[in-house]
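J.: Quick one, fold the following:
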Amino acid sequence: MSGFVLRLGPPAMSSSASRVLLDIGLSATATDIRYSWDLSGPAGLALGVAAPGRAPVVGPLPEPVDAPLRAHVELWQGETVVWEGYVRSRERGRGGVITGLACVGYAQSMADGWLRATSPPPALDVPLTSGNVFLLALRQLAPWLSPGVIGDQWQDPTVVHPTGREAFAKMTLSQIADQIRQQGDSLGREIWITCMPGRQVWMRPKAAPLEPRYRVAFDQRVQRWTESEEGMAAEVTVERGTGDAGTLGTTGVNANFGADHGFGPSVLVQAGAIDADAAIALRNAELARRASPRVSATLAASRDPATWLATRHGVPVPYWQPLPGEWVGVAGELLLPIVATSVDASNGTATYELGEPDPWLPKNMNILARDTVARYRAMIAARGGRLRS
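T.: I've put the predicted structure just below:
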């Protein structure tokens, strides 16, 4: 497939004047182009020279590229930015020529600094909602990013923190985002925080639309479909605090769970040092998440338009275009969100993960590792931070 264009600029995290360092077209048959997205936004991008039967990076890019570390990177397909991030590492070959670039999305840059403030600015009063806390931290810790301002790109979860920013002190911006994601919003919905192209941060609740973006038959495009009862619960109780100072909150109940499923497990979620309002929001989010079986699926597409996902109006969409956060209706099943995409432009293929990320895929093994560590810690004691049971 042709039409990919690579554009490089100086690091966006510095005060350097914006200018183009490189603007070249890439041939998908000569250049190895692989990129991925997850719910945090563009995830990884690898550029090199594709050679059958050899390692991904075996020769120089189409022309020497003196890309500085953390250089701003954009990958275009036609008139669309399909990936945006910055250079994490460079590969050099014979003669010192740069033969490949490994890049990451701007969500990674939110781990740079940590929130030092222990009280809100004088112009603001305590308490603060989680959305306001995140907005203040975004401006302070990552000024190269900005909140989305169009339509529903930025929706405050409206979970109130009586101590304002103190509840998030000594957290990086990415840790704050993860805490907000897990607490959910005041309606018990999980929150997605995504760094979109244009270095814009979107904050949206996980809420299925009335109609999905894509409609797919249960055909050969469905590579995997897994349903699991793991993690389901009829009752959820949150324990906040650390060590022996834990406090049990009010138990939440999923109505009719036992009658619908024939079993009714109770779950205790240890949440660490969070306030009472955040604990209630976390309990409600866990109730919603655990009410249904955990479904994970993988769809696949290729250059062949017959394999492309189609909108609900029947319009096929190129294999590189579907993004995480968009919803898919597979046959008569419940609507599922896309949670990750991987595109191999060299071979003209793409995969889309639906519902829950598959922890057994190599790129998602860190999910399995985190879950294993959380379970081990939960058997000992809560030591700050939220531990899934």
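
J.: what sits against the closest residue in space to Glu230 that isn't next to it in sequence?
T.: Among residues not flanking Glu230 along the chain, Arg294 sits closest, at 6.0 Å (CB to CB, 6 or more residues apart in numbering). (Glycine included, C-beta is placed from N, CA and C.) Contacts for Arg294 (CB atoms under 8 Å, 6 or more residues apart in numbering) come out as 227-232, 355-356.

J.: Then Ala281?
T.: By CB under 8 Å, 6+ apart, Ala281 lies in contact with 157, 159, 183-186, 188.

J.: again, only this time at 7 Å
T.: Residues near Ala281 by CB atoms under 7 Å, 6 or more residues apart in numbering: 159, 183-184, 186.

J.: quick one: whatever helix or strand it lives in to chain centroid distance?
T.: Using DSSP states H and E, Ala281 sits within helix 276-289. Centre-to-centre, helix 276-289 and its host chain are 20 Å apart (CA atoms, centre = their mean, to the nearest Å).

J.: looking only at pLDDT, what's the mean for it?
T.: What helix 276-289 shows for mean pLDDT is 84.

J.: and the residue nearest to Glu230, bridged to which residues?
T.: Note on Arg294: beta-bridge partners by DSSP bridges are Ser228.

J.: oh, and call the first residue 20 from now on, that's how I've got it
T.: Let's use 20 as the start, then, which means that last one is Arg313.

J.: between the contacts of Arg313, which is closest to Gly260?
T.: The closest of the contacts of Arg313 to Gly260 turns out to be Gly250 (CB to CB; 23.0 Å).

J.: thought that closest one was touching Ala310?
T.: No: with contact defined as CB atoms under 7 Å, Gly250 does not count as touching Ala310 (10.5 Å).

J.: which residue sits closest to Ser193, ignoring its sequence neighbours?
T.: The spatially closest residue to Ser193, leaving aside those adjacent along the chain, is Met129, at 4.1 Å (CB to CB, 6+ apart).

J.: before we move on, could you check phi and psi at the one you found?
T.: Backbone torsions of Met129, given as degrees, to the nearest 10, read phi -80, psi 0.

J.: Can you give me the separation between Thr269 and Ser149?
T.: Thr269 is 20 Å from Ser149, where distance means CB to CB, to the nearest Å.

J.: swap that for Arg208, please
T.: 13 Å.

J.: Name the residue in these two with the higher neighbour count.
T.: Each of Arg208 and Ser149 has its neighbours counted (other CB atoms under 10 Å); Ser149 has more, 27 against 20.

J.: For the stretch 20-169 of the chain, which segments count as strands?
T.: Using DSSP state E, counting those that start in this stretch, the strands of the stretch 20-169 of the chain run over 23-28, 41-45, 50-57, 60-68, 91-96, 99-111, 117-123, 147-148, 165-166.

J.: least reliable of those going by mean pLDDT?
T.: Mean pLDDT is lowest for strand 41-45 out of those, coming in at a mean of 75.

J.: that older thread, pull out the buried residues from the contacts of Arg313.
T.: Buried members of those, counted by 16 or more other CB atoms under 10 Å: 250-251, 374-375.

J.: picking that back up, what sits against the residue nearest to Ser193?
T.: By CB under 7 Å, 6+ apart, the neighbours of Met129 are 161, 191-193, 196.

J.: Give me the neighbour count for Gly115.
T.: Applying other CB under 10 Å, I find that Gly115 has 8 neighbouring residues.

J.: and it, what pLDDT?
T.: On pLDDT, Gly115 comes in at 73.

J.: Ala253 is in contact with His284, correct?
T.: Rather than His, residue 284 is Pro. Yes: counting by CB under 7 Å, Pro284 does reach Ala253; the two are 6.2 Å apart.

J.: of the two, who's got more company?
T.: Shown here are Pro284 and Ala253; by other CB under 10 Å, Ala253 has more neighbours (22 against 15).

J.: Tell me the one of the contacts of Arg313 nearest Arg259?
T.: Gly250 (20.0 Å).

J.: where does that closest one fall, helix, sheet strand or coil?
T.: The three-state label given to Gly250 by DSSP: H, G, I helix; E, B strand; the rest coil is coil.

J.: Can you pull the phi and psi angles for Val286?
T.: Dihedral angles of Val286 (phi, psi; degrees, to the nearest 10) stand at phi -130, psi 140.

J.: What is the burial count for the closest residue to it other than its chain neighbours?
T.: Closest residue to Val286 apart from its sequence neighbours, by CB to CB, 6+ apart: Ala252 at 4.1 Å. Counted by other CB under 10 Å, the residues lying close to Ala252 total 22.

J.: Tell me who's in contact with Ala252.
T.: 284-286, 309.

J.: Generate a PyMOL selection restricted to the buried entries among these.
T.: Buried subset of the contacts of Ala252, written as a PyMOL selection, criterion 16+ other CB under 10 Å:
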select buried, resi 286+309
